[in-house]
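Peer 1: Below is the structure, and that's it, no one-letter string:
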C-alpha cells in the first residue's frame, strides 16, 4: 500500500513539474527578454564570426567611421523607392516625410526608426522590419483608425495597409511593456509636407 501511495505521489510531482515547465516556456515565448536585460549578446549567440586573439569588437572602427558621417551604427535605412523619406532629423524634432504611400519602419529594442513621421493622407502601406532581438507588434490609433499588425519575430518584415484620413496618430509597439519603455511615436497625415 505504501509503494502505491509513493508511486502516485511521485507521479503527481512529475505532472506538476511538467505543467509548470510548460507554463514558463509559454511565458518566455510570449514575451522574450521583457523581464530582464541581457546587454550585448555574445558573438556565438549573435552568429558573428569568431576572431581569434581579438577581445574587442572588430566592427568598432566601422562604427566610428559611420558615426563620423552622421549615421548610427547598426541602423541603415536606405531606399531609392518613391516612398523613401525626404527629410529625417529626429534629433531636432523634425519629422521623416513620406510623399509616397509606403512607410518603412525599423524595429529595434524599445525604439522605432523613424518614430516621427509625416505622410500624405490616403492609402498607406507600413513596411515593418524587425531588426531587433525580440518580437514586436505595431499599432496605429487616431481619428477613425485603430489598425494592428500582430506579433512578428526578429528578422521578419510584415506589411500593414491602412487608409489614413488627415490627422495625428499614435504609433506604438503594444507588446508587453514596449510602449511604456519608449517604443512609440507620432504620425501626422497632412497634405502640407514641408519637403514639397
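Peer 2: Yep, that arrived. No experiment lies behind these values; they were computed from the predicted model shown.

Peer 1: buried residues in stretch 164-173?
Peer 2: Buried residues in stretch 164-173, counting neighbours by 16 or more other CB atoms under 10 Å, are found at 164, 169, 171-173. The C-beta positions use only the backbone N, C-alpha and C, and glycine is treated the same way.

Peer 1: Check the burial of the nearest residue to residue 117 once chain neighbours are set aside by counting its neighbours.
Peer 2: Excluding the flanking residues, the one nearest residue 117 by CB to CB, 6 or more residues apart in numbering is residue 187, at 4.6 Å. Residue 187 has 28 neighbouring residues, counting by other CB atoms under 10 Å.

Peer 1: helices or strands up against the one helix or strand residue 187 maps to?
Peer 2: Here residue 187 sits within strand 184-189, counting by DSSP states H and E. Under the contact definition 3 or more CB pairs under 8 Å, 6 or more residues apart in numbering; DSSP states H and E, strand 184-189 sits against strand 116-119, strand 167-172.

Peer 1: Go again with 10 Å.
Peer 2: Packing contacts for strand 184-189, counted by 3 or more CB pairs under 10 Å, 6 or more residues apart in numbering; DSSP states H and E, involve strand 96-98, strand 102-108, strand 111-113, strand 116-119, strand 122-130, strand 136-142, strand 157-164, strand 167-172.

Peer 1: Can you list the buried residues in the first one?
Peer 2: To tie it back to what came earlier, the one meant is strand 96-98. Neighbour-count burial for strand 96-98, with 16+ other CB under 10 Å as criterion, is recorded at 96-98.

Peer 1: Quick one: those as JSON lines, columns for distance to residue 132 and pLDDT too.
Peer 2: JSON lines is the format used below for the buried residues of strand 96-98 (distance: CB to CB, whole Å; pLDDT from 0 to 100):
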{"residue": "96", "distance to residue 132": "19", "pLDDT": "89"}
{"residue": "97", "distance to residue 132": "25", "pLDDT": "88"}
{"residue": "98", "distance to residue 132": "22", "pLDDT": "87"}
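
Peer 1: Residue 113: which of these is nearest?
Peer 2: Nearest to residue 113 out of the buried residues of strand 96-98 is residue 96 (CB to CB; 8.8 Å).

Peer 1: Looks like that closest one contacts residue 194 (just checking).
Peer 2: No: in this structure, residue 96 is not within contact of residue 194 by CB atoms under 10 Å, at 11.2 Å.
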